[in-house]
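# Quick one, fold the following:
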Amino acid sequence: MKNLSIFLFACLFATFALVSCGEKEDVTPTPTVSLYERLGGIAAISAVVDQFLANVVGDNVINARFAPTVADPFRTQLLRNNLIDQICAGAGGPCQYKGKTMLEAHTGMQITEAEFNALVGDLVAALNQFNVPQKEKDELLAILGPMKSDIVGQ
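Next up is the predicted model:
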């Protein structure tokens, strides 16, 4: 009987030890993957930006605003590079945005809510074309969304 009690106690102790070890493994933090990485890095962001700019050029609500930029290859390339850097940096990538603040860039333009919404729609269409998952789209828009007050009505 005494041997049976010792055996049962040992089994109970071993079970408790195994369960405790399992719990410790569950609380180990998993490495987080940045939005930049989940978007596919610089190549994927560049492709989305290229499509986004094509969408803007074809968008009759806002393309007149971009006509002077599109007419000048240097300005077009600068806008493209700034957009790539802005998205890359905002998504946690290695890029640094070196352009003007949104307030500096849009002061005096009197951008309307409809124009801003058209621009966002053009970005969402580009993200959709590349099958960016909803979670990543939402995260990216949440990063860019707060810029609206520095763009609309300035």
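# And the next helix or strand past the one helix or strand in the chain whose mean pLDDT sits lowest?
None of the helices or strands of the chain scores lower by mean pLDDT, DSSP states H and E than helix 2-26, at a mean of 40. Per DSSP states H and E, the first helix or strand lying C-terminal to helix 2-26 is helix 35-39.
# Could you break this structure into its assigned domains?
The chain breaks down into these domains under automatic domain parsing: 1-30, 33-150.
# Next one: the closest residue in space to residue 114 that isn't next to it in sequence from residue 138, what distance?
Distance criterion CB to CB, 6 or more residues apart in numbering; nearest residue to residue 114, sequence neighbours excluded, is residue 61 at 6.5 Å. Yep, even glycine has a C-beta here, placed from its N, CA and C like the rest. Note on residue 61: its distance to residue 138, by CB to CB, to the nearest Å, is 23 Å.
# swap in residue 97?
For residue 97, the distance to residue 138 - CB to CB - is 21 Å.
# More neighbours: those two, which one.
Using other CB atoms under 10 Å, the more surrounded residue of residue 97 and residue 138 is residue 97, with 16 against 12.
# Would you check that that one makes contact with residue 81?
No: contact criterion CB atoms under 8 Å: residue 97 and residue 81 do not qualify, at 9.8 Å.
# thinking again about what came up before, lowest mean pLDDT across the domains of the chain, which one is that?
Averaged per stretch, pLDDT over those is lowest on domain 1-30, reaching a mean of 44.
# any chance you could map the helices in this structure?
2-26, 35-39, 41-57, 63-71, 73-90, 102-106, 113-129, 134-144 (DSSP state H).
# and residue 91, how many neighbours?
21.
# and it, how far is that from residue 153?
From residue 91 to residue 153 the distance is 27 Å (CB to CB).
# got it, and residue 139?
In terms of CB to CB, residue 139 sits 26 Å off from residue 153.
# So for the two, which sits in the more crowded spot?
residue 139 (17 against 13).
# rewinding a little: right, so the domains of the chain: which one is the most enclosed?
domain 33-150 (a mean of 15; mean count of other CB atoms under 10 Å).
# now the end-to-end length of that domain.
One end of domain 33-150 to the other measures 30 Å (CA to CA, to the nearest Å).
# how far is that domain from where the chain is centred?
11 Å (CA atoms, centre = their mean, to the nearest Å).
# I'd like to know how far the residue positioned nearest the centre of the chain sits from residue 76.
Centroid-nearest residue in the chain, with CA atoms, centre = their mean: residue 140, separated by 3.1 Å. Distance, residue 140 to residue 76, by CB to CB: 22 Å.
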